[in-house]
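Novice: Need a 3D model of the following:
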Amino acid sequence: MAKRIFICQSCGAEQHKWMGQCPDCREWNTISEQVIETSARAGNNGQIIATTPITDIRRETSPRQSTFIEELDRVLGGGLVGDSAILIGGDPGIGKSTLLLQAAGKLAGKHRVLYVTGEESTQQVHLRGERIDALHDNLHLLSACELESIMRTVDNARPSMVIIDSIQTLVTSRLSSAPGTVSQVRDCAAALIQQAKRSGFALILVGHVTKDGTLAGPRVLEHMVDAVLYFEGDRGHAHRILRAVKNRFGPAGEIGVFEMTDRGLIGIRDASRMFLAERAKNTPGSAVLACLEGTRPLLLEVQALIAPTVYATPKRSAVGLDVGRVAMLTAVLERRIGLPLSQHDVYINVAGGARISEPAADLAVLMAMISAYQERPIAHDIAVFGEVGLTGEVRPVGQPEARVREAASMGFRHLIIPRDNKERLHKIEQKARFAKTASEAIQLTAIKHLSEAAQVSLTK
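Specialist: Numbers count the residues shown, from 1 in each chain. This next block holds a predicted model:
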């Protein structure tokens, strides 16, 4: 029998009737009618299933298999885990299919891989494979969109990894709705994930993104998979960043840095050097931030520009940072330091197209703003990190030793850090002789309040 329901295409909420605005996510004109074929099920009282003590479950000796792409393995937490489901998203043309085809070609040297494409023909995928040198006999291509046919093919081929490019193109005959709708995406993904858990192959799903940069479709899809990866990058730059937003088998927030070339994506180990390659020294409004993305320390350049406003309300704009946090830091700077920024526009940019979400960037943003307003450059060998509160206090951040090591390896000789972090570094020096690797070669200046930073960092 058929059942008619109304589903929001933005959040996946089900309604009993059509509405102009979804009452759950408050989006307009996103509810559409869908017909679902349902079958009456006989009553089943269930049965008792034997349980297993967790101590009796044996772990495999090698639960992960390498993709032979170092940066991808880093983001995944060490490699692909068998019977896992991974969702990867990103803007169109950013390199999702290229990276996955590269990984499939390398993994096919030891395992059978099935690449299912619903948006391209096998000839188009073959052309890309020739360009990036990803051709192998164990890499099988399938151009199909029917879920039932794909699942039967997977059972027959028994691959070690299955790539679905993309999940929005699949349809199941159980539903009458169009491809890409909430019901189709949710049901197709659930069926494939259950098959991966049952058969033991690694499943990678490619998802579309909305105009806001988030994964399209219901949010429940992100909860169903084991890992969610986002491809970030600016088309004006050659590098791409793969970020793990969720990972059940590794650290969330880990990133991998790639460079887009005519031979595909190439992993970059020394990402800090790449981000600082075009940095202009002795220029006002530039500060170097020692940040941490996952377990990876990075050095990034934070730029600030302050100009008199021509509007009734001054602008607060940011690229690579949260605009709301930049507005808050501007208010802290005006109130606690006394800089008259109420008649000035403030523009903040993270050079290189990177995005920063951790609070440790606060001190670097404020130092760049002070330097830009006073037209006094910060010394080229100074790096900073620290969180700043509303009262102007500089708070400690996590893993300061990794940040100091990265700054020392890049040739920086002076670091402005929170006072509590310096005390932690002294303890590490006494226990693990950390000073021999970094802090002997770098000067650490500890500050407790934002007012102390301007006095020690700006060149005279």
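
Novice: Now the element after the helix or strand of the chain with the lowest mean pLDDT, going C-ward?
Specialist: The helix or strand of the chain with the poorest confidence is helix 419-432; it has a mean of 70 (mean pLDDT, DSSP states H and E). The element immediately downstream of helix 419-432 (helix or strand, assigned by DSSP states H and E) is strand 443-447.

Novice: who touches that next one?
Specialist: Contacts to strand 443-447, defined as C-beta atoms under 8 Å, 6 or more residues apart in numbering, come from residues 386, 394, 404, 413-419, 421-423, 425, 453, 456. (Glycine included, C-beta is placed from N, CA and C.)

Novice: and the longest strand anywhere in the chain, how far out from the chain's middle?
Specialist: Scanning the chain for the longest strand, with DSSP state E as the assignment, gives strand 296-308. Centroid separation for strand 296-308 versus its chain: 20 Å, with C-alpha atoms, centre = their mean, to the nearest Å.

Novice: buried residues in that strand?
Specialist: 296, 297, 298, 299, 300, 301, 302, 303, 304, 305, 306 (16 or more other C-beta atoms under 10 Å).

Novice: Mind putting those into a markdown table with pLDDT and distance to residue 147?
Specialist: Listed next are the buried residues of strand 296-308 as a markdown table, based on pLDDT from 0 to 100; distance: C-beta to C-beta, whole Å:
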| residue | pLDDT | distance to residue 147 |
| --- | --- | --- |
| 296 | 90 | 37 |
| 297 | 93 | 43 |
| 298 | 93 | 41 |
| 299 | 96 | 46 |
| 300 | 95 | 43 |
| 301 | 96 | 47 |
| 302 | 96 | 47 |
| 303 | 96 | 48 |
| 304 | 96 | 51 |
| 305 | 96 | 51 |
| 306 | 95 | 55 |
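
Novice: which of those lies closest to residue 116?
Specialist: In terms of C-beta to C-beta, no member of these lies closer to residue 116 than residue 296, at 31.7 Å.

Novice: May I have the distance across stretch 257-270, first residue to last?
Specialist: One end of stretch 257-270 sits 9 Å from the other (C-alpha to C-alpha, to the nearest Å).

Novice: Kindly provide the distance from residue 371 to residue 308.
Specialist: Remark: distance between residue 371 and residue 308 (C-beta to C-beta, to the nearest Å) = 17 Å.

Novice: ignore the last one, residue 454
Specialist: Distance, residue 454 to residue 308, by C-beta to C-beta: 21 Å.

Novice: got the phi/psi numbers for residue 340?
Specialist: Dihedral pair for residue 340: phi -80, psi 80, per degrees, to the nearest 10.

Novice: pretty sure residue 369 is in a helix, no?
Specialist: Yes - assessed by DSSP: H, G, I helix; E, B strand; the rest coil, residue 369 belongs to a helix.

Novice: Which pLDDT value goes with the nearest residue to residue 326 once chain neighbours are set aside?
Specialist: Closest residue to residue 326 apart from its sequence neighbours, by C-beta to C-beta, 6 or more residues apart in numbering: residue 318 at 4.3 Å. What the model reports as pLDDT for residue 318 is 96.

Novice: Wait, a strand at residue 318?
Specialist: Yes - judged by three-state DSSP, residue 318 forms part of a strand.
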